[in-house]
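In: this is a predicted model, with the sequence first.
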Amino acid sequence: MNRNYKKGYAFENKLVNRLKREGWPIVFRTAGSHSPVDVVAINGIAICLFQCKAFDMSPGEKIKAKNKFPVKFTDASLVKVHTFLCYKKDKRNIVEKF
């Protein structure tokens, strides 16, 4: 395992554990997918999709990451879908809603 993979893996696992502690009944990593979605959390009324970066991101990098997210959802859905970008800034974990 290379260093960047290990760092990303650890960052994603911290998010998974945090969501489980907060009561989300279904939480998992999309391991090795190289897709825009790294972590998924599901409960009875919402699905949350997370793109994780284990490093600080410039404003331009954040915009680029958000624009690459391919999934678009309508309000007609019975279940609300929320998308988030997670990254590190000054040794803190930041979660921003798209």
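Out: Yep, that arrived.

In: pretty sure residue 52 is touching residue 37, no?
Out: No. Shown here, residue 52 and residue 37 do not form a contact pair, counting by Cβ atoms under 8 Å, at 9.5 Å. C-beta here means a position set from N, CA and C on the backbone, and glycine is covered the same way.

In: neighbour-wise, which of these two wins?
Out: Each of residue 52 and residue 37 has its neighbours counted (other Cβ atoms under 10 Å); residue 52 has more, 23 against 17.

In: next, the more buried one: phi, psi?
Out: phi -110, psi 140 (degrees, to the nearest 10).

In: specify the beta-bridge partners of it.
Out: residue 86 (DSSP bridges).

In: now do residue 96
Out: When residue 96 is checked against DSSP bridges, its beta-bridge partners turn out to be residue 85.

In: what residues are up against it?
Out: 62, 84-87 (Cβ atoms under 8 Å, 6 or more residues apart in numbering).

In: ditto for residue 68
Out: Under the criterion of Cβ under 8 Å, 6+ apart, the contact partners of residue 68 comprise residue 36.

In: for the longest helix along the chain, buried residues please.
Out: Among the elements of the chain assigned as helix by DSSP state H, the one spanning the most residues is helix 3-21. For helix 3-21, the neighbour count (16 or more other Cβ atoms under 10 Å) marks 8-9, 11-12, 15-16, 19 as buried.

In: now this structure, which segments are flagged as low pLDDT?
Out: For the chain, applying pLDDT under 70 flags the ranges 1, 33, 70-79.

In: cool, thanks, talk later.
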